[in-house]
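Colleague: build me a structure from this.
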Amino acid sequence: MRHLLKIATILLLLTGAQCVLPQSNSARHAVEVTRADFTKEAKIVSTELAIFGVMLGDSISDARAKIEHVGLKLTAPEGRYTIIANDGTELVGIRIDGDKIVMLALFSAMAKYLAGDSVRLLSDDVTSPDSPVRLHLLGREDKRDVEHNSIGIVVTCSYDKEGIRLIRSYSRYGDAPTVMHLLPPARTR
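Modeller: Down below sits the predicted model:
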């Protein structure tokens, strides 16, 4: 009887440990943004969003395999990783720390690949103070920064709990398209 009690205790501990350990990338819940409109999810979290299968936390070697599997290219000129379309257009910039992806930057050319209304998050007016598109799709931002520099301004709308930033630069030389950053969400206190 004592022997069975020890075995049961060990099994309970192992089962509990599995619940606490982080899931592998293949076991994580993922929303592929090229197939599903992530703005319709009950809860939006950047670590659950995949772009051509690539997610935050993936290794760069895993990302390369996923990107090549869908027929795109991963380049690293000057140490800057970028997902490139077949016509040479930059779609997604990738920042790594060590070998893990810590940021995905969706450039305007990604608009034709995004599903549903999420494409509207790359529109020109999405960083305006009361953008109806942004407010409808993501709600009120946690923080909106307007940074003035020598050539213009940079507007950033941050959704820290979700791990999303919408960024647009306005310059006297011409405005840049909106870029959407996916990064690890802020930790709750």
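Colleague: which residue, neighbours along the chain excluded, lies closest to residue 183?
Modeller: residue 103 (4.6 Å; CB to CB, 6 or more residues apart in numbering). From N, CA and C alone the C-beta is placed, and that goes for glycine too.
Colleague: let me redo that: residue 93
Modeller: With CB to CB, 6+ apart, the residue lying closest to residue 93 is residue 105, at 3.8 Å.
Colleague: mind checking the SS state of the residue nearest to residue 183?
Modeller: Residue 103 carries the three-state label strand when classified by DSSP: H, G, I helix; E, B strand; the rest coil.
Colleague: may I have the beta-bridge partners of it?
Modeller: Counting by DSSP bridges, residue 103 forms beta bridges with residue 95.
Colleague: from residue 81, how far out is it?
Modeller: 10 Å (CB to CB, to the nearest Å).
Colleague: find the residues that touch each one of those two.
Modeller: 93-95 (CB atoms under 8 Å, 6 or more residues apart in numbering).
Colleague: neighbours of residue 169, how many?
Modeller: Other residues within reach of residue 169, judged by other CB atoms under 10 Å, total 19.
Colleague: thinking again about what came up before, mind putting the shared contacts of residue 103 and residue 81 in JSON lines, pLDDT, neighbour count and distance to residue 182 included?
Modeller: Formatted as JSON lines, the shared contacts of residue 103 and residue 81 follow (pLDDT from 0 to 100; neighbours: other CB atoms under 10 Å; distance: CB to CB, whole Å):
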{"residue": "93", "pLDDT": "97", "neighbour count": "16", "distance to residue 182": "11"}
{"residue": "94", "pLDDT": "97", "neighbour count": "22", "distance to residue 182": "10"}
{"residue": "95", "pLDDT": "96", "neighbour count": "14", "distance to residue 182": "10"}
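Colleague: from those, which single one is nearest residue 109?
Modeller: When those are ranked by distance to residue 109 (CB to CB), residue 93 comes first, at 11.2 Å.
Colleague: so where's this structure shaky on pLDDT?
Modeller: Applying pLDDT under 70 to the chain flags the ranges 1-28, 188-189.
Colleague: show me what contacts the one residue sitting closest to the centre of it?
Modeller: When the chain is reduced to its mean C-alpha position, the nearest residue by CA atoms, centre = their mean turns out to be residue 182, at 2.9 Å. Applying CB under 8 Å, 6+ apart to residue 182 gives the contacts 46, 49, 51, 56, 103-106, 163-164.
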